[in-house]
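> give the three-dimensional model of this entry:
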Amino acid sequence: MVEQRSPKPPVVGSSPSSPATNFWKRIRMNKIKKYINDAKTEIEKVFFPTKQEIKQSFISVFVVVAVVSLFLSLIDVIMSSILKSVL
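Predicted structure coming up:
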């Protein structure tokens, strides 16, 4: 007589891969929470300028750009006149 074996009995409870999946989800969620908390902390450290400071900075940059542009234009005119006289 041949002995008949039934297939492996089903595992009772959760599958072995489920706890690991939940573990990694928890780790990932903790990393996301830490990232958001760190971002909030850094935003609180940021110094935002007032309207007056922005206005002063804009005027300063505008004046410097205008002066440099005039200087380069003057150099260009001088160099052009020198090249025309030589050639």
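
> what pLDDT does M1 get?
pLDDT, M1: 60.

> burial of I36, as a residue count?
10 (other Cβ atoms under 10 Å). The C-beta positions use only the backbone N, C-alpha and C, and glycine is treated the same way.

> just give me the residue closest to the centre of this structure.
The chain has A39 as the residue nearest its centroid, 11.2 Å off, counting by Cα atoms, centre = their mean.

> who's in contact with Y35?
By Cβ atoms under 8 Å, 6 or more residues apart in numbering, the contact list for Y35 is empty.

> where does it fall, secondary structure wise?
helix 17-45 (DSSP states H and E).

> longest single helix anywhere in the chain?
helix 51-86 (DSSP state H).

> chain center to that helix: distance?
Taking Cα atoms, centre = their mean, to the nearest Å, one finds helix 51-86 lying 34 Å from the centre of the chain it belongs to.

> for the chain, where's the lowest mean pLDDT among helices and strands?
One helix or strand of the chain scores below all others by mean pLDDT, DSSP states H and E: helix 17-45, with a mean of 84.

> F71: neighbour count?
Count around F71 with other Cβ under 10 Å applied: 10.

> and K34, by the same measure?
10.
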